[in-house]
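Novice: Sequence and predicted structure below; questions after.
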2 protein chains.
Amino acid sequence: MIETDAPPHPFDAAIALPPAVDGRTTTRTRPEYANMVGPFGGITAATLVQAVQQHPDRLGDPLSLTVNYAAPVADGDFDITARVVRSNRTNQHWTLELSQDGDVKTTATAVFGVHRDTWSDTEAGMPPVPPPDAVPVQEFPDFIAWARNYEMRFVEGAVPGQDAGEHPDSTTTLWVRDAPARPLDFPALASMCDVFYPRVFLRRGRYVAAGTVSLTVYFHADAGEIAAHGGDHVLGTARTGRFSRGYFDQTARLWGRDGTLLASSHQLVYFKD
Amino acid sequence: MIETDAPPHPFDAAIALPPAVDGRTTTRTRPEYANMVGPFGGITAATLVQAVQQHPDRLGDPLSLTVNYAAPVADGDFDITARVVRSNRTNQHWTLELSQDGDVKTTATAVFGVHRDTWSDTEAGMPPVPPPDAVPVQEFPDFIAWARNYEMRFVEGAVPGQDAGEHPDSTTTLWVRDAPARPLDFPALASMCDVFYPRVFLRRGRYVAAGTVSLTVYFHADAGEIAAHGGDHVLGTARTGRFSRGYFDQTARLWGRDGTLLASSHQLVYFKD
């Protein structure tokens, strides 16, 4: 590190946590990752991963994470509690809560574990796409603060503009990386799983009230693959299976440029329309 | 009901729970739903859904469920605690724990909520398959007790026999229903999300040590669709995205015969090979 006086990357500032005392630590929301109501769900997921990663009892690397967004996190201080409910020989189960003034805003569970060499294969095919440099960067509307911290190059399914009209399917595929660029790590990967704006916007061609209810991330990449990825672009693709009676699902996959499936992610979203 | 003296369906017996006292209820494992090590994960998921459904504070119907299988449940008594962490106007967040002698074996979170009429559409296409009557029933090996409670008709990706050899992809598609038949409900749907034997068996053409680490279910069907389904067959299809260094994911969809997407399900599975 040469620039010792450089301010931290906004992502590092957002997920930084003081050491926990009795399993609880306190931090605060950052305006850089604000969403329309409360913080961007991805930064909350990343902060929860970080809470486990820096816990002295942590075993191995993240395997799965489920975050339930129970209520909007208000601007200001919040507490995170992380509790090991079970440590096995090769994996470990965690429960987490994010609260403000004793009021639970987010719950989560995580499984961490050790990787072993086994037979391996990737069945999911990376979509055929042009390289990131061949796809223009799309600016998000100014009022979506968190999006300014991501460089997004939409291959298909970009954010609908005014009068976009209905779209026949909900697929969005994009190249994404932190802006400014930052080496990938597990918290950043968790956060990128939530960069897909609500699929109902694309289908309907306009903004409607929508918010993630539950987000699950499966981390396929191990620490070596994450390190090898570095600050390169990630290819993300997301699609809904069913929109029905106020809720829809989203399934997403995130890839390295070389075809490494880094993560799979699923979410359930509420909407009004 | 005419046959008032008939014994309950094995599924109803397995998920029956005494009323909770201070949020805790005690029941026991059933030999009918035993798996190779501990009970079938699906029956555990179903019992957790049931614990919330019969809770006096429950609001609405299941929307999402995540179950983390932290350790095998031993044959015998177990306790379930279900706690509402937040009730909003239209949805409600739960955390659950299953323990034996104070030792946590399973954790879960669930979101329940109210359905509202909105714009709706199903994008996921049901696979083109023959009707259930045109597909033979496959018997499972005798030592898989739980499978005797399901009638399974494999359209593709049946359980590999001796010397099956490697298979090029991990897709299993089957018609499934309770045996004997039983009207579908939310616990039964949760359980059916876990009827897919480990995808690594199919790829490798043989049994290997494998077990679900985390299971997520999104319930797309509302109570009316569940009731309309009745005791008919459910079409399930499941596939893995990536097998790597001891873990693989599985994404599954469950359909009614008329093309209603009843549920989406995802899981992370550990394996040794």
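Specialist: Thanks, I have the structure now.
Novice: Can you tell me the closest non-neighbouring residue to A:Phe248?
Specialist: Distances taken as Cβ to Cβ, 6 or more residues apart in numbering or on different chains put A:Thr240 closest to A:Phe248, at 4.9 Å, once the chain neighbours are dropped. C-betas here are computed from N, CA, C, even on glycine.
Novice: OK, contacts around the one you found?
Specialist: Residues in contact with A:Thr240 (Cβ atoms under 8 Å, 6 or more residues apart in numbering or on different chains) are A:Ser170, A:Arg199, A:Val200, A:Arg203, A:Phe248, A:Asp249, A:Gln250, A:Thr251, B:Glu123.
Novice: 6 Å - rerun?
Specialist: When contacts are counted by Cβ atoms under 6 Å, 6 or more residues apart in numbering or on different chains, A:Thr240 touches A:Ser170, A:Arg199, A:Phe248, A:Asp249, A:Gln250, B:Glu123.
Novice: Just the ones of those in strands?
Specialist: Counted as lying in strands by DSSP state E, out of the contacts of A:Thr240, are A:Phe248, A:Asp249, A:Gln250.
Novice: Look up which residues are beta-bridged to the second one.
Specialist: Beta-bridge partners of A:Asp249, counted by DSSP bridges, are A:Leu268.
Novice: Quick check: it touching B:Ala263?
Specialist: No: counting by Cβ atoms under 6 Å, B:Ala263 is not a contact partner of A:Asp249; they are 9.6 Å apart.
Novice: quick one: secondary structure of the residue nearest the centre of chain A?
Specialist: The residue lying closest to the centre of chain A (Cα atoms, centre = their mean) is A:Ser191, at 2.2 Å. Secondary structure assignment for A:Ser191 (DSSP: H, G, I helix; E, B strand; the rest coil): helix.
Novice: ditto for A:Arg86
Specialist: strand.
Novice: so where does the nearest residue to A:Phe196 once chain neighbours are set aside fall, helix or strand?
Specialist: Ranked by Cβ to Cβ, 6+ apart and with sequence neighbours excluded, the top spatial neighbour of A:Phe196 is A:Ala238, at 4.1 Å. If you go by DSSP states H and E, A:Ala238 is part of strand A:234-239.
Novice: So what are the sheet partners of that strand and their directions?
Specialist: Assessed with DSSP bridges, strand A:234-239 is paired to strand A:172-178 (antiparallel), strand A:247-255 (antiparallel).
Novice: With respect to burial, which of the ones you listed scores highest?
Specialist: Using mean count of other Cβ atoms under 10 Å in any protein chain shown, the stretch among the strands paired with strand A:234-239 with the largest mean neighbour count is strand A:247-255, at a mean of 25.
Novice: what comes into contact with it?
Specialist: Under the criterion Cβ under 6 Å, 6+ apart, residues A:126, A:192, A:196, A:199, A:234-238, A:240-241, A:261-270, B:218, B:264 lie in contact with strand A:247-255.
Novice: swap in stretch A:167-184?
Specialist: Looking at what lies outside stretch A:167-184 - Cβ under 6 Å, 6+ apart - the contacts are A:9, A:11, A:127, A:132, A:135, A:149-157, A:192, A:195-196, A:199, A:202-203, A:226, A:229-231, A:233-240, B:123.
Novice: Buried by neighbour count, from those residues: which ones?
Specialist: When the contacts of stretch A:167-184 are checked for burial by 16 or more other Cβ atoms under 10 Å in any protein chain shown, the buried set is A:9, A:11, A:132, A:135, A:149-155, A:157, A:192, A:195-196, A:199, A:202-203, A:226, A:229, A:233-240, B:123.
Novice: Quote the end-to-end distance of stretch A:70-83.
Specialist: Length of stretch A:70-83, first residue to last, Cα to Cα, to the nearest Å: 19 Å.
Novice: now swap in stretch A:214-229 and tell me
Specialist: Stretch A:214-229 has an end-to-end distance of 27 Å (Cα to Cα).
Novice: For the stretch 151-273 of chain A, which residues are neighbours of chain B?
Specialist: A:169-170, A:213-214, A:216, A:218, A:220, A:222, A:240-246, A:249, A:261, A:264, A:266, A:268, A:273 (Cβ under 6 Å from any Cβ of the partner chain).
Novice: which of those residues are buried?
Specialist: In these, the ones that pass as buried (16+ other Cβ under 10 Å) are A:170, A:213-214, A:216, A:218, A:220, A:222, A:240-246, A:249, A:261, A:264, A:266, A:268, A:273.
Novice: Which ones among those map onto strands?
Specialist: Residues from these lying in strands, with DSSP E as the criterion: A:Val213, A:Ser214, A:Thr216, A:Tyr218, A:Arg242, A:Phe243, A:Ser244, A:Asp249, A:Leu261, A:Ser264, A:His266, A:Leu268.
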